[in-house]
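Undergrad: what's the 3D shape of this:
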Amino acid sequence: MAAKAVAPDGSWLTPGEAGAQLRLSPITIGRMFADEDIPGFRARSAIRIPAAFVADFLDIVRSGGQVNIREFGRQWKAQQEVAS
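TA: Numbering: from 1, shown residues only. Purely as a prediction, here's the structure:
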C-alpha cells in the first residue's frame with residue numbers, strides 16, 4: 001500500500017479532474033497510481049491526487065520541458081517525503 005502523499009495546501013483532485021488537466025484518461029491516472037508512479041491516496045474506492053503535483057508537472061511542461069510523468073511522479077513523491 002502506498003504511503004499517503006502530502007498535499008501542501010490540502011487540496012486533492014479526483015482521477016477525472018487530474019486527468020482533465022493532464023489530458024489523460026481517469027483510467028490512466030488510476031493505473032499510474034496503482035503502479036505507485038504518481039502520488040496520491042486511496043480512501044475505500046476513491047483515489048485522490050495532490051493538486052500540487054498536477055500544478056508542478058504542468059508548470060514544467062508549460063515552460064518547455066519534456067518530462068515523463070511517471071518519472072516526475074516518483075521524484076516528486078521522494079522530494080515530498082524528504083521535505084516532511
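Undergrad: I'd like to know how many residues surround residue 11.
TA: 12 (other CB atoms under 10 Å). Glycine gets a C-beta too; all of them are placed from N, C-alpha and C.
Undergrad: show the pLDDT at it.
TA: With respect to pLDDT, residue 11 scores 93.
Undergrad: ok, residue 64 next?
TA: If you check residue 64, the pLDDT there is 93.
Undergrad: got a list of contacts for stretch 25-43?
TA: 1-2, 4-5, 12, 14-16, 18-19, 22, 47-50, 53, 69-70, 73-74, 76-77, 80 (CB atoms under 8 Å, 6 or more residues apart in numbering).
Undergrad: so who does residue 69 touch?
TA: Contact partners of residue 69, counting by CB under 8 Å, 6+ apart, are 22, 24, 32, 37, 38, 57.
Undergrad: again, only this time at 6 Å
TA: Applying CB atoms under 6 Å, 6 or more residues apart in numbering, we find residue 69 in contact with no residue.
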